[in-house]
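> model the following, please.
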Amino acid sequence: MPYIEFDKERALDVIPLGRIAIDFNPIDYFKPWPQCETFKKYVGGSPANIAVGMSRLGKKSGFIGCVSDDQMGDYCIQYFEGEGIDTSHVMRARHGESLGLAFTEILDRDTSSLIMYRDNVADLSLEPEWVDEAYIKSARMLVVSGTALARSPSREAALKAMELARKNGTVVVFDIDYRAYTWRNADEIALYYTAAARQADIIMGSREEYDLTDALTHPGLDDAQTAERWFGENAKIVVIKHGKKGSTAYTVDGRAYGVKPFPVTALKSFGGGDGYGSAFLTGLLDGLEIAECLEIGSASASMLVASHGCSADMPTMEQIREFIVREKECYGEMIARV
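Have a look, this model is predicted:
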């Protein structure tokens, strides 16, 4: 059953909005960060990773965001262009804001963390006037990252984009994407996450992220109750992730579809969510059944946590399909499906 209708006549398949950053991952990992000496740089930030991931999966991707007016900004734009992503609406910061940076610490296969620099960052300086209605109307899907809501003027730009998307029949996806940095308090998080989620046709987040979103008005909900709460707004699909325990997609007709992670030897504990999101959303755009969307999303996530980078290691659909075949040969046909 098609829960979402996409306009097939649009020039772009997807426009993510939000954070573009640079990740520095250690080459000499499995040791404390102060002992690491060599790092490899990658374009990062969840919406940027999703743009790359969906482009690798054959989708025509654009982007709405802001980068620093320096060589780091040059690097991000050039990387996007190399991936075939339209950068016509990736703007340059006007007041000296810098690109957000993330340094990774990988202590072992189960323990990794991020050291993030998010003060006066370019992505949160995205101005509402830069959000162009015609550009949003040109896409089948708009994906808004919750980190874009952390500060003004980016939060107004994000909410404006969602309003314009709804006006013009562009499907709205809200990826809650919580990062503790830059938020001032829990009430602020709940207020802006709720405002964004009310506009969304599809919501994706972890159990903890939904708890933050609903803290003011609907605390203590379980997964099924959370889905029903958002079906009472505009949502048609609500995805709730539980990390290593898997995830469930709830649909507006009362169904629930579960998926477990594919077994892999993980290198790091992050990056999987962006691979999951890019493949799941691609599946929806391709008209796949929800269960299959979840399966390719789970496969992409497992591939990403086993890799060194995020954006650079986003798989193609052929690679995802080959990975699923290998995993099922080893672990059985229903290894990931609940």
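
> per-residue confidence for the residue of the chain most remote from its centre?
In the chain, the residue that sits farthest from the middle, by C-alpha atoms, centre = their mean, is Q35; the gap is 30.7 Å. Per-residue pLDDT puts Q35 at 96.

> which ones are touching it?
The contact partners of Q35, by C-beta atoms under 8 Å, 6 or more residues apart in numbering, come to D28. Every C-beta, even on glycine, is put in place using the N, C-alpha and C of the backbone.

> ok, G287 next?
Neighbouring residues of G287 by C-beta under 8 Å, 6+ apart: P2.

> and for the closest residue to T226 other than its chain neighbours, the neighbour number?
Leaving out its chain neighbours, the residue that sits closest to T226 by C-beta to C-beta, 6 or more residues apart in numbering is Y210, at 5.0 Å. When neighbours are counted by other C-beta atoms under 10 Å, Y210 registers 25.

> just confirm Y210 is within a strand.
No - counting by DSSP: H, G, I helix; E, B strand; the rest coil, Y210 is not found in a strand; it is helix.

> hang on, it packs against I189?
No - if you go by C-beta atoms under 8 Å, Y210 and I189 don't touch, sitting 11.7 Å apart.

> just to revisit the earlier point, please report how far the residue nearest to T226 lies from T282.
Distance of Y210 to T282, computed by C-beta to C-beta, to the nearest Å: 23 Å.

> next up, phi/psi of D110, please.
The phi and psi values for D110, taken as degrees, to the nearest 10, are phi -110, psi -10.

> ugh, wrong one, I meant G205
Dihedral angles of G205 (phi, psi; degrees, to the nearest 10) stand at phi -180, psi 170.

> can you get me a residue count around it?
As a burial measure, G205 scores 24 neighbours (other C-beta under 10 Å).

> cool, and S278?
32.

> for it, pull up the helix or strand it's in.
Per DSSP states H and E: S278 is located in helix 272-285.

> ok, I240 next?
Taking DSSP H and E as the criterion, I240 maps to strand 237-241.

> ok, and what's touching that strand?
Contact with strand 237-241 is made by 3-4, 201-207, 210, 223, 226-227, 230-231, 247-252, 273, 276, 280, 284, 290, as judged by C-beta under 8 Å, 6+ apart.

> which among those count as buried?
For the contacts of strand 237-241, a neighbour count by 16 or more other C-beta atoms under 10 Å gives the buried set as 3-4, 201-207, 210, 223, 226-227, 230-231, 247-252, 273, 276, 280, 284, 290.

> looking at those residues, which are in helices?
Among the buried ones among the contacts of strand 237-241, DSSP state H puts 207, 210, 223, 226-227, 230-231, 273, 276, 280, 284, 290 in helices.

> ok, A157 - how many residues close by?
A157 has 26 nearby residues by other C-beta under 10 Å.

> that one against L126, yeah?
Yes - the pair A157 / L126 is scored as a contact, 4.5 Å apart, by C-beta under 8 Å.

> what touches both of these two?
Applying C-beta under 8 Å, 6+ apart, one finds that A157 and L126 are jointly contacted by 17, 64, 148.

> give the contact list for the second one.
The one in question is I64. 15-18, 89-90, 126, 130-131, 135, 157, 161.

> same check, this time on the last one
When the contact criterion is C-beta under 8 Å, 6+ apart, the partners of A148 are 17-19, 47, 123-124, 126, 154-155, 157-158.

> which member of those residues is positioned nearest A215?
For those, the closest approach to A215 (C-beta to C-beta) belongs to R155, at 17.8 Å.

> and the closest one, what element?
Here R155 is assigned to helix 154-167, by DSSP H and E.

> which other residues reach that helix?
Outside helix 154-167, the residues that touch it by C-beta under 8 Å, 6+ apart are 17-18, 64, 66, 123-128, 130-131, 133, 136-137, 142, 144-145, 148-149, 170-172, 174, 192, 195-196, 199-200, 234.

> quick one: distance of that helix to the chain centre.
Here helix 154-167 is found 17 Å from its chain centre; the criterion is C-alpha atoms, centre = their mean, to the nearest Å.

> try stretch 153-161
On the basis of C-alpha atoms, centre = their mean, stretch 153-161 sits 17 Å off its chain's mean C-alpha point.

> okay, that stretch in PDB with CA atoms only?
What follows is stretch 153-161, C-alpha atoms only, in PDB (Å, rounded to 0.1, in the frame of the first residue of the first chain):
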ATOM      1  CA  PRO A 153      18.100  32.100  12.000                       C
ATOM      2  CA  SER A 154      18.400  28.500  10.900                       C
ATOM      3  CA  ARG A 155      15.300  27.400  12.800                       C
ATOM      4  CA  GLU A 156      13.100  29.900  11.000                       C
ATOM      5  CA  ALA A 157      14.600  28.900   7.700                       C
ATOM      6  CA  ALA A 158      13.800  25.200   8.500                       C
ATOM      7  CA  LEU A 159      10.200  25.900   9.500                       C
ATOM      8  CA  LYS A 160       9.700  28.200   6.500                       C
ATOM      9  CA  ALA A 161      10.900  25.400   4.200                       C
END
